[in-house]
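*Asks:* Got a sequence here, can you build the structure:
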Amino acid sequence: MSSLLSVLLFIAYSTQAGKLSIVMDDFGYRPDNENQILQLPIAISIAILPNAPYAREMAIKAHNQGREILIHLPMAPFSKQRLEPDTLKPDMDLEEIQRIIRNALANVPYAVGINNHMGSAMTASLSAMQKVMRILDQYPLYFLDSRTTSNSQVSHAAIGTSVKVLKRQVFLDDVINQAAIRQQFNHALQLANRHGSVIAIGHPHPTTIHVLQKMLPTLPSDIVLVPPSMLLTQPLLHETKAVTTVKRARNRMKNIRQCKIKPQQPSEKIYADRMFIVLAESLRQNPAIIFVKKRWQQYRSRNIQ
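*Replies:* Have a look, this model is predicted:
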């Protein structure tokens with residue numbers, strides 16, 4: 001009974017709290033720094049470069065913690081800079097893209113999502129990203145758009161597929177100094193409160209790690225850390241504008257007189273047991289319940305072993 005109460009309290013809290021998701025990119029090259037990130041709360045997710053020398057090691061460590069893992073898939077930028085091996089380019093054919101994604105999945109076990117490393121040129125190409133989404137449609141992976149270009153076609157490319165798309169709203173460490181990172185962190189908190197959820201991306205720089213070590217323990221009580229997958233059922237920021245527009249339209253309709261049709265038969269009675277059935281079904285489908293259940297199963301399996 002106490003465990004059920006705890007779960008119900010967690011649901012009530014997580015439903016009201018602003019949801020902050022932090023993804024740490026570029027994993028696989030700096031194990032000393034990355035191991036410090038793995039000491040931060042488990043809700044912080046990591047994105048691993050598939051051809052990095054420590055990719056598999058970090059994926060296994062994070063998975064054993066119960067941490068969410070993404071493949072940080074290299075994609076071509078507009079700017080000229082050194083590229084990772086197997087960087088996706090807009091002129092690649094479907095077979096080449098499929099080979100690269102297949103290898104990435106093999107190199108980063110336990111991944112549940114993908115986000116782009118660089119990729120301003122690749123993600124701005126609708127035809128190129130449609131090829132990516134056709135391939136990802138075969139796997140149970142979501143795509144987190146790092147938004148390295150304002151002309152991203154990721155969401156449009158996913159139309160007609162089963163791939164769910166999330167979008168980054170904040171980069172924590174575009175400017176690598178403590179004051180700037182703290183400012184971006186606080187900006188993320190404001191967006192989480194204002195819109196209900198936010199995704200922030202950081203990198204395993206010592207300065208970023210230091211700021212997170214200082215600020216995460218003082219996280220406001222109305223903010224909860226969640227992995228990106230828990231936001232798949234949440235409205236995206238751009239969708240909140242549409243919701244606001246609909247609400248305004250409904251408010252304008254309130255003053256319009258409407259014809260009311262009298263029911264020909266008495267309304268069906270709703271009994272209390274039906275209410276509990278509906279409540280139980282709602283709890284089973286709640287993202288917070290699913291998250292807690294998954295972590296509890298992982299905890300039990302480790303203890304049994």
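*Asks:* Give the burial count for residue 198, as a bare number.
*Replies:* If you count neighbours by other C-beta atoms under 10 Å, residue 198 ends up with 25. All C-beta spots, glycine's among them, are computed from the backbone N, C-alpha and C.
*Asks:* show me what contacts it?
*Replies:* By C-beta atoms under 8 Å, 6 or more residues apart in numbering, the contact list for residue 198 reads 18, 19, 20, 21, 169, 170, 188, 191, 192, 237.
*Asks:* Most neighbours among the residues you listed, please name it.
*Replies:* Result: residue 21 is most packed of the contacts of residue 198 (other C-beta under 10 Å), 28 neighbours.
*Asks:* coming back round to it: out of the contacts of residue 198, which is nearest to residue 112?
*Replies:* residue 21 (13.0 Å; C-beta to C-beta).
*Asks:* Could you check how far that closest one is from residue 137?
*Replies:* Residue 21 sits 24 Å away from residue 137, going by C-beta to C-beta, to the nearest Å.
*Asks:* With residue 207 instead?
*Replies:* Noted for residue 207: a distance of 39 Å to residue 137, by C-beta to C-beta.
*Asks:* Next: residue 174.
*Replies:* Going from residue 174 to residue 137 by C-beta to C-beta gives 32 Å.
*Asks:* just checking, residue 66 touches residue 44?
*Replies:* No: counting by C-beta atoms under 8 Å, residue 44 is not a contact partner of residue 66; they are 11.7 Å apart.
*Asks:* And these two? Which one has more around it.
*Replies:* Comparing residue 66 with residue 44 by other C-beta under 10 Å, the one with more neighbours is residue 44, at 23 against 16.
*Asks:* which residue sits closest to the more buried one in space, ignoring its chain neighbours?
*Replies:* residue 22 (4.8 Å; C-beta to C-beta, 6 or more residues apart in numbering).
*Asks:* Was I right to think that neighbour contacts residue 203?
*Replies:* No: the criterion here is C-beta under 8 Å, and residue 22 misses it with residue 203 at 11.2 Å.
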